[in-house]
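> missing the sequence, but the structure's below:
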């Protein structure tokens, strides 16, 4: 079988999740790997759930179907909750979420089904986006930030490649997006549960 | 050659730009929209070379291409699903008028109910219109196939659909090798087919004809469509000499010793090929050229295998008949069996069946059909 890493992104229409997948694939491609990104959506509506997929590997040949057993799941909106979020996530896989920093269980964390054997990483991308006044309509524009965080967590793209990919794909507010992506890259932390409390650990 | 991360739709738009079209007329529909947006954008920046004409419907888009092509212009349009269904009348007309229009069809299911997923029934249901149909399996292949479609179409005077699955191809970002414009110019020469009409000397064309005349014209089109594999082979030789890639009407993988052979068309190909190393004694064939149907190529590919089982994957259904690829494959395989001879009398054009013709057909058994179990006969030859 082919060596391949598979990602599934969850977000809402209007949050730029399709662009996030394209930017992430572009960053991986700049590392000399093959990558593909695609999305599925209904009639494009703001706020409706949108799923995007990325595959990365050393061979050009990859399946052209949805990702059913992801190595990584990335959630760019913490109000996307429910059992569908970690569905199919591989044992030892990674769940990366844009969620507020807290030692308490956040609504997102408490929505996760029990018994998952994956690691959870968190970055408060919305706070970084607000700080840089990055918005898409009324949403914080977190896509570049989340791509930065995912590049760090997966180890598949350097910050330099992320910056190059953001420059190539994101035209609006480029400087702010570049800075925000770097903050996402640096600020992402692993979250571990201790009883009902959660501890964040820097990478 | 620079390699860029682009979508299948973007690959289509860039190929159209590089091929040097005279006219693009199109109407946006999901999931084809980005092709039209990109081409309109090239035009607005003065980077298209030809004209882009925005119209009120798909029917008008294809009609516009019809008129421009009749005046000798290289034309392109793109659509999906309901847009293609709306164009249906013009697809017949353009094929009958022998106009080499090239159209990208981005597969999408037809309603009711509304659905955006990539059912291939939209393009497959146009199979009887006389268009060449080429099914792509990657963004690179979309780019390459559109470049090849213009010389193919123009040398045979047959219109051509370049087909790509919605989302799995149209919206997938992937690496595509984009040639230098000079390389493309060496491959796609300016159109040389004769104009049927001079816009300064308006004329009424394709007026009323008899069934017999139409039958002869249909026969000519049918035979010219069957020349596609030979012409495509030459085109691919030239293409490979410049770009280093080539495409066959049907392509096999891991067929030697395979007891199970998977057959499909379009983007599913790479999903199956990726899985082959984990599947015991399994090979696969993908159909690239669906019209004309590559029956001979499929039979010879299957002969390389030890197939006792063929799995046909059809992302479509012709209600009442089943999967369309399966129907066509079964018909191609009949010739390898031991069933009775199927003698096929073609009365295309709507010509009459006379008692004399029927008698001739039944009483004069064909002397030699060189082992074929399927034999075509044309009514216009029997009277």
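Thanks, I have the structure now. The structure displayed is predicted, hence computed values, not measured ones.
> And the strand or helix carrying residue B:224, what's buried?
Assigned by DSSP states H and E, residue B:224 falls within helix B:211-225. By 16 or more other CB atoms under 10 Å in any protein chain shown, the buried positions in helix B:211-225 come out as B:214-216, B:218-219, B:221, B:224-225. Where C-beta positions appear, they are placed from N, C-alpha and C, glycine not excepted.
> before we move on, what about stretch A:56-63?
A:56-57, A:62-63.
> Can you list which of those are found in helices?
Judged by DSSP state H, helices contain none of these.
> Of the residues you listed, just say which sits nearest to chain B.
Nearest to chain B out of the buried residues of stretch A:56-63 is residue A:63 (CB to the nearest CB; 4.2 Å).
> How about the contacts made by the residue nearest to the spatial centre of chain B?
Centroid check for chain B by CA atoms, centre = their mean gives residue B:133 as the closest residue, at 0.7 Å. Residues near residue B:133 by CB atoms under 8 Å, 6 or more residues apart in numbering or on different chains: B:123-124, B:126-127, B:160-161, B:163, B:289-291.
> if we can go back for a sec, tell me which other helices or strands the helix or strand just after the helix holding residue B:224 touches.
Counting by DSSP H and E, the next helix or strand C-terminal to helix B:211-225 is helix B:228-243. Helices and strands touching helix B:228-243, by 3 or more CB pairs under 8 Å, 6 or more residues apart in numbering or on different chains; DSSP states H and E, are helix B:139-156, helix B:181-187, strand B:289-291.
> Look up how far residue A:91 lies from the nearest residue to residue B:55 once chain neighbours are set aside.
Excluding the flanking residues, the one nearest residue B:55 by CB to CB, 6 or more residues apart in numbering or on different chains is residue B:61, at 5.0 Å. Computed as CB to CB, to the nearest Å, the residue B:61 to residue A:91 distance reads 51 Å.
> Please identify which of the two sits among more neighbours.
Neighbour totals were compared for residue B:61 and residue A:91, and residue B:61 leads with 27 against 8 (other CB atoms under 10 Å in any protein chain shown).
> Test my guess that residue A:11 contacts residue A:73.
No - Residue A:11 is beyond contact range of residue A:73, at 11.6 Å (criterion: CB atoms under 8 Å).
> Looking at the two, which is more packed in?
A direct count of neighbours by other CB under 10 Å for residue A:11 and residue A:73 places residue A:11 higher, at 26 against 23.
> Give me the neighbour count for residue B:360.
13.
> what about it, distance to chain A?
Taking CB to the nearest CB, to the nearest Å as the measure, residue B:360 falls 52 Å from chain A.
> so which strand or helix has that residue?
Per DSSP H and E: helix B:355-363 holds residue B:360.
> on that earlier part again, going on from the helix or strand harbouring the residue nearest to residue B:55, what's the next piece of helix or strand?
Counting by DSSP H and E, the element that carries residue B:61 is helix B:58-70. Per DSSP H and E, the first helix or strand lying C-terminal to helix B:58-70 is strand B:75-79.
> ok, the contacts of residue B:133 vs chain A, which is closest?
Ranked by distance to chain A (CB to the nearest CB), the contacts of residue B:133 are led by residue B:163 at 14.6 Å.
> Are we agreed that that closest one is in a strand?
Yes - under DSSP: H, G, I helix; E, B strand; the rest coil, residue B:163 sits within a strand.
> Quick one: residues contacting it.
Contacts of residue B:163 by CB under 8 Å, 6+ apart are B:104-105, B:107, B:120, B:123, B:133-136, B:266, B:290.
> Let me know the secondary structure of the residue nearest to the centre of chain B.
strand.
> Quickly note the distance from it to residue B:302.
Distance from residue B:133 to residue B:302, by CB to CB: 21 Å.
> So for residue B:369, what pLDDT did the model give?
In this model, residue B:369 is scored at 61, pLDDT.
> Now tabulate the contacts of residue B:133 in JSON lines and tack on pLDDT and distance to residue A:129.
What follows is those, written out as JSON lines (pLDDT from 0 to 100; distance: CB to CB, whole Å):
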{"residue": "B:123", "pLDDT": "98", "distance to residue A:129": "42"}
{"residue": "B:124", "pLDDT": "98", "distance to residue A:129": "45"}
{"residue": "B:126", "pLDDT": "98", "distance to residue A:129": "47"}
{"residue": "B:127", "pLDDT": "98", "distance to residue A:129": "50"}
{"residue": "B:160", "pLDDT": "98", "distance to residue A:129": "47"}
{"residue": "B:161", "pLDDT": "98", "distance to residue A:129": "44"}
{"residue": "B:163", "pLDDT": "98", "distance to residue A:129": "40"}
{"residue": "B:289", "pLDDT": "98", "distance to residue A:129": "49"}
{"residue": "B:290", "pLDDT": "98", "distance to residue A:129": "47"}
{"residue": "B:291", "pLDDT": "98", "distance to residue A:129": "50"}
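> quick one: which of these has the most company?
Most surrounded of the contacts of residue B:133: other CB under 10 Å gives residue B:123, at 30 neighbours.
> Helix, strand, or coil at that residue?
Applying three-state DSSP: residue B:123 is helix.
> Surely it and residue B:84 touch.
Yes - using CB under 8 Å, residue B:123 is in contact with residue B:84, at 6.8 Å.
> between the two, what contacts are shared?
Contact with both residue B:123 and residue B:84 is made by residues residue B:105, according to CB under 8 Å, 6+ apart.
> Close to chain A: what parts of the stretch 51-200 of chain B are there?
By the rule CB under 8 Å from any CB of the partner chain, the part of the stretch 51-200 of chain B lying against chain A is B:114, B:116, B:165, B:167-169, B:171-175.
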